[in-house]
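Peer 1: Fold the stuff below for me.
(one chain, ligands or ions: 1)
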Amino acid sequence: MLLIGVNRSPYTRRVAITLAAHGVAYEQRCLSGFGDREEVRRHNPLGRIPSLVLDDGETLIDSGAIVDYLDERYGGERATVPKAGAERRAVLRVAALMMGACDKGLQAAYHRNHTPVEKLHPPWIDDCVAQVRGALLAVEAMIDPSAPYLMLGRLTQADIAAFVAERLARFGLNVDTATDMPRLHAHVRKLAERPAFRSTDP
Ligand SMILES: N[C@@H](CCC(=O)N[C@@H](CS)C(=O)NCC(=O)O)C(=O)O
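Peer 2: Take a look at the predicted model:
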């Protein structure tokens, strides 16, 4: 199995953490969406990372679809998204908030990095960052500091998505999560010590 993408990408890291959490052996080709356009597009016509190339050659794209496959194939009772019902909806809601925060954070970063200075529109960046902050604060309000995981007493995509979103906000957007979302920040620091998170540090 071959993971295409750099772990600097929150989407790629989400997949890498899920692979590690399920104990799946894989190789990784550290390609970036902008720096390695041609090769990335050979694996995903949309030109985005991550992709996951399975041993039979089938290529999966989009982090949500990839973690869904990993859960189905390797998750068993420890699937990172429950199979059905209220628990599934609750985990998917947090994952959607957090991966949506990553989408908005990257829109802000792309605007800043790919727009000529004279055409930069700071209110757009501010609005994206406000949306990121809103989503992070919603998850902050859910956190029980004494619990090891966000939900269900075990590792789910809620934790994994919250982890990558907090890292992006902190290091990519300069959101002071330690001050503004202290419980989320502390939760992420605890997760960072776990092998599946530590082993995927970019
Ligand atoms: N919804 C996708 C988003 C993937 C994505 O936006 N990846 C970024 C890297 S962080 C990328 O490849 N950007 C290049 C581009 O959009 O042209 C997922 O969950 O995998």
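
Peer 1: Over the lengthiest helix in the chain, what's the mean pLDDT, rounded is fine.
Peer 2: Ranked by residue count and defined by DSSP state H, the top helix of the chain is helix 85-114. For helix 85-114, mean pLDDT rounds to 97.

Peer 1: So which bits of it are buried?
Peer 2: 90-92, 94-95, 97-99, 101-102, 104-109, 111 (16 or more other C-beta atoms under 10 Å). C-beta: built from backbone N, CA, C; applies to glycine.

Peer 1: so who does residue 111 touch?
Peer 2: 120-121, 124-125, 128 (C-beta atoms under 8 Å, 6 or more residues apart in numbering).

Peer 1: Excluding chain neighbours, give the residue nearest to residue 128 in space.
Peer 2: residue 108 (3.8 Å; C-beta to C-beta, 6 or more residues apart in numbering).

Peer 1: quick one: the one you found from the ligand, how far?
Peer 2: From residue 108 across to the ligand, the span is 13 Å (C-beta to the nearest ligand atom, to the nearest Å).

Peer 1: quick check: domain ranges of this protein?
Peer 2: Following automatic domain parsing, one finds the domains of the chain at 2-78, 85-194.

Peer 1: Identify whichever of these lies nearest to residue 200.
Peer 2: When the domains of the chain are compared by C-beta to C-beta, domain 2-78 sits nearest residue 200, at 4.1 Å.

Peer 1: how far out from the middle of the chain is that closest one?
Peer 2: From the chain centre to the centre of domain 2-78 is a distance of 12 Å (C-alpha atoms, centre = their mean, to the nearest Å).

Peer 1: End to end on that domain, go ahead and measure it.
Peer 2: 22 Å (C-alpha to C-alpha, to the nearest Å).

Peer 1: now stretch 48-56
Peer 2: End-to-end distance for stretch 48-56: 21 Å, by C-alpha to C-alpha.

Peer 1: Write down the beta-bridge partners of residue 53, one by one.
Peer 2: Legend: beta-bridge partners of residue 53 under DSSP bridges are residue 2, residue 59.

Peer 1: Next one: it from the ligand, what distance?
Peer 2: Residue 53 is 15 Å from the ligand, by C-beta to the nearest ligand atom.
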